[in-house]
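*Asks:* generate a structure from the sequence data that follows.
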Amino acid sequence: MSRATPVGVTTFERAAKTLDLPWPFTGREDELDVIRRSVAAGRPGIVVTAPAGRGKTRLAAEAVRGLGCTRVTGTPDARRIPFAAFAHLLPEAVTLHRAVQLLAGVRLLLVDDAHLLDDDSAALVHQLAVHGRTRLLVVAVDDGPVPAAVSRLWTGELLPRLPLEPLPAEETGRLMEAGAGGPLEPLTANRLYALCRGDLRLLRDLLGALRDGGLLPREPESDVRSWRGPVPLTPTLRERAAAVLDRAVPEDRDTLDRLAFAEPLAPHMDTLDLAALERLEGDGLVSVAEDGGVRLVHPLHGPALRSAAGRLRTARLVGATDRCAAALDAEQAALARRIEDVDVRDAAGPVGEWLVHEGRRVPAGYAAVRARLGRLRGELRDAAAWAREGLRGAPGDPACRAELALAGDRSGEAPVPRAPVGSDALGLYEAVRRGVPEQAAGPLSRLPGAGAAVLARHAHAAVRGDGPALDLVARELEGRGLLLFAAEASAQAAGAHRDPRAARGARTRAVELSRRCQGARTPALSGLVLGELTDRQRQIVTLAATGMTNRQIAEKLTLSVRTVGNHLYSAYTRLGASDRAALPCLVDPLELPQARTA
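*Replies:* The predicted model follows:
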C-alpha cells in the first residue's frame, strides 16, 4: 500500500454514503450547535455515537462545513492493516510515536466510522486525544463492537459523547417528502417511520425503490402519494434484516418464516419448535408474551422475510389472514373501551394497520374508531386518513364522514356545525373546549369513572380560572394520551395565571404539546400560537391572513416592503408555517374582520 506524507491540512470531502440531494438537512440544529462548540478553538472535540443509518456522517459533514478539516475513515476490509485509516497521511513504515509527531500540525480531525478502525489507527486517535493539540470529531456506532482505544475516549473522559436520538417523526416527514417527491399520505408515512426506526439510510433506500418502481401513486384528486403492498427487498433492507434472512439453522429459519406469515397475529409457542424459539429469543429476534404468544421483535423482519420467500414457500405458509376478522373485531372493541375510559395512551392496533399496509379493505366501523382515537390523541392527519380509509369501501358511512369533518375542524381546514352536546363524558366535555365550562362542570361530576373525573376537574378549574389547577389537569390529560386536550388546558392556564413566570411556563408547555398535534387549530390554541410573536409580527401576520400583499401591508403600517417580508419570514419560522397560505389557520377568525377594517 502506497502512502503519502501529509502536507498541511487536507480538506473535507463529502462521503458517498451521506444523504444526497434532494434530501435536506433537518431536525439536528441543537446537536449541530453542540458539535460546533465542541470543535471550536480551545476545545478537545467530541464523540458522536448512534446506530447505523441515523445520520451521523451527514451531521459531522454539516458541523465541519467551511472549516479546515482532515478526514480519516475506518473500513471493514482494512482492519488488519496497521494505520490503514491514516494511509493517505503517513509514510508506509511508522511507529505510533512518530505518527503522533507527524500529525501534530492537524488542528481538526474528523474520524468517521471509528468502530471500524484498525488497532493502530484507534491507538493513534486515542493518543491524539491525550496530547490535546488536535481537536477531534469522532463518529462511531453504539450498537456494536468498538475498539477499546476508541471507547476509552469517552469512558476515560478524554472527550464528551453525544448519543444521537432518532430524528423526530415531524422532521423525518420532511425527509420523506423530499425523497418521495411530494407529500405522503399519513398512514404511508407512519408505516415507513415504523419500519425504519430512525434509520435514514434505510428510509432513503426504501423510498427510492418505491419511487422507481412506481409504487407511490398519487391519491385521486390529490398530490398526496400512498403506498400499499409488500416491502421491496432493497440492498439496505437485506443488510438490516441479515440476522433473520441469513439464519443458518433450518429449524430457526422455518420458525422465523412461520412467524412472518402469521402476522399480524401471534402464534402460540406450543405450535412452534421450542428449541428454535429458545435460540431466537436468546438472540433477541423474537419475544414471548405472558399468554404464550410469539412475535418478531423488529417490525422490519416480518416484511423482509415475506419479501424474500419464494412463491411455493409463500403458498405453503400463507393463511393467517383467514383469522383476521375475529382479531380485528376484538381489536376494535378494545380500542373502543380505551375511548370510553378516556385513556388513549399506547393504544395499538396492529391488525388494522396490517390490513391497510397490505392494501386490504378496512371495515368502516373499525376505521371510524381508529379515526376517533387519532382525533382524541391529537393525531389529526392520522384521524382524517383513517376516516378516508373507511370511506373507500363505504363511501356513505356516516361515522367516517363525521370523523373526517371533525378532523378537518380541529385542523382549522373545514369548520363544521357544532354537534349537539351528548350525555357521555367526551360529549359533555366539548362545552369546556368551546369556552363554556359552566355548562359541563356539574354533569361531568356526576358521571362514573376516572376519565370523567379528570374532565370534570378541567371544567371546574376553567370555571374558577384556576391556573395551578389547570396545570395539574393538563398533566393528567397528557398522561392519558389526550395531547390536544392537554395543550388546550395549558393554554387556558397561561391566560389564568397571575404570576407571569407561571404563565410563561404554561404557554411553553401548551406550544410544545400543540406542535405534537399535527397542525391542530382550535379556539383555545389560536391566540396561543400568535402569542409567540412580537406585537409587530402579530399585526403583520393578521393583516397577511386577510389576503393583503406585502406592499399593501407596508403602505398601511408605514413600513418598507422589505421590513414586512422580514417580519413575515420570522413569523413563519416561529409558527411552523411554510408560507402565507397557512396563516388563516393560525389566526383567530374573530380577528380577521377587524384587521380588514383597521
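*Asks:* for the rest of this, base every contact and every neighbour count on C-alpha atoms.
*Replies:* Fine.
*Asks:* now the nearest residue to residue 116 once chain neighbours are set aside: how far from residue 539?
*Replies:* Among residues not flanking residue 116 along the chain, residue 74 sits closest, at 4.6 Å (C-alpha to C-alpha, 6 or more residues apart in numbering). Going from residue 74 to residue 539 by C-alpha to C-alpha, to the nearest Å gives 55 Å.
*Asks:* low-scoring stretches of the stretch 351-500 of the chain, by residue?
*Replies:* 409-423 (pLDDT under 70).
*Asks:* mind listing the strands for the stretch 251-400 of the chain?
*Replies:* Remark: strands assigned in the stretch 251-400 of the chain by DSSP state E, counting those that start in this stretch are 286-288, 294-296.
*Asks:* among these, which is the most enclosed?
*Replies:* Counting by mean count of other C-alpha atoms under 10 Å, strand 294-296 has the highest mean neighbour count of the strands of the stretch 251-400 of the chain, with a mean of 22.
*Asks:* who's in contact with it?
*Replies:* 256, 259-260, 266-269, 285-288, 302 (C-alpha atoms under 8 Å, 6 or more residues apart in numbering).
*Asks:* partner strands of it, with direction?
*Replies:* Its sheet considered, strand 294-296 pairs with strand 286-288 (antiparallel) by DSSP bridges.
*Asks:* need the three-state assignment for residue 111.
*Replies:* Following DSSP: H, G, I helix; E, B strand; the rest coil, the label given to residue 111 is strand.
*Asks:* circling back: for residue 171, which of the strands of the stretch 251-400 of the chain is the nearest?
*Replies:* Closest to residue 171 of the strands of the stretch 251-400 of the chain is strand 294-296 (C-alpha to C-alpha; 27.6 Å).
*Asks:* following the chain onward from the strand or helix carrying residue 239, which element is next?
*Replies:* Element membership for residue 239 (DSSP states H and E) is helix 235-240. Per DSSP H and E, the first helix or strand lying C-terminal to helix 235-240 is helix 242-245.
*Asks:* now that next one: average pLDDT?
*Replies:* Here helix 242-245 scores 95 as its mean pLDDT.
*Asks:* again, but for stretch 148-159
*Replies:* Rounded mean pLDDT across stretch 148-159 is 94.
*Asks:* can you give me how far it is from the chain middle?
*Replies:* 31 Å (C-alpha atoms, centre = their mean, to the nearest Å).
*Asks:* also stretch 215-235?
*Replies:* For stretch 215-235, the distance to the chain centre is 19 Å (C-alpha atoms, centre = their mean).
*Asks:* re earlier: out of the contacts of strand 294-296, who has the most neighbours?
*Replies:* residue 256 (26 neighbours; other C-alpha atoms under 10 Å).
*Asks:* looks to me like residue 548 is in a strand.
*Replies:* No. Counting by three-state DSSP, residue 548 is not part of a strand but coil.
*Asks:* tell me how far it lies from residue 555.
*Replies:* Distance from residue 548 to residue 555, by C-alpha to C-alpha: 11 Å.
*Asks:* more neighbours: the two, which one.
*Replies:* residue 548 (16 against 12).
*Asks:* per-residue pLDDT, the more buried one?
*Replies:* You'll see residue 548 listed with a pLDDT of 85.
*Asks:* try residue 1
*Replies:* At residue 1, the model reports a pLDDT of 43.
*Asks:* now do the contacts for the closest residue to residue 260 other than its chain neighbours.
*Replies:* Nearest non-adjacent residue to residue 260, counting by C-alpha to C-alpha, 6+ apart: residue 302, 4.4 Å away. Contacts for residue 302 (C-alpha under 8 Å, 6+ apart) come out as 257, 259-261, 263, 296.
*Asks:* restricted to helices, list the residues you listed.
*Replies:* When DSSP state H is applied, the contacts of residue 302 are split such that 257, 259-261 fall in helices.
*Asks:* and which of those residues is nearest residue 231?
*Replies:* In terms of C-alpha to C-alpha, no member of those lies closer to residue 231 than residue 260, at 12.8 Å.
*Asks:* ok, the closest one touching residue 305?
*Replies:* Yes. The criterion here is C-alpha atoms under 8 Å, and residue 260 meets it with residue 305 at 6.3 Å.
*Asks:* returning to that earlier point: and of the contacts of residue 302, the nearest to residue 466?
*Replies:* Checking these against residue 466 by C-alpha to C-alpha gives residue 296 as the nearest, at 48.5 Å.
*Asks:* so how far is residue 330 from the closest one?
*Replies:* Relative to residue 330, and taking C-alpha to C-alpha, residue 296 is found at 21 Å.
*Asks:* what do you get for residue 285?
*Replies:* For residue 285, the distance to residue 330 equals 27 Å [C-alpha to C-alpha].
*Asks:* repeat for residue 204
*Replies:* Per C-alpha to C-alpha, residue 204 is found 36 Å from residue 330.
*Asks:* equivalent analysis for residue 435, please.
*Replies:* Counting by C-alpha to C-alpha, the gap from residue 435 to residue 330 is 37 Å.
*Asks:* kindly report the same for residue 32.
*Replies:* In terms of C-alpha to C-alpha, residue 32 sits 46 Å off from residue 330.
*Asks:* neighbour count for these two, which is higher?
*Replies:* Each of residue 32 and residue 330 has its neighbours counted (other C-alpha under 10 Å); residue 32 has more, 17 against 13.
*Asks:* circling back to that earlier point, dump the strands of the stretch 251-400 of the chain to a markdown table, plus mean pLDDT and distance to residue 313.
*Replies:* Output for the strands of the stretch 251-400 of the chain, formatted as a markdown table (pLDDT from 0 to 100; distance: least, C-alpha to C-alpha, whole Å):
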| stretch | mean pLDDT | distance to residue 313 |
| --- | --- | --- |
| strand 286-288 | 95 | 21 |
| strand 294-296 | 95 | 19 |
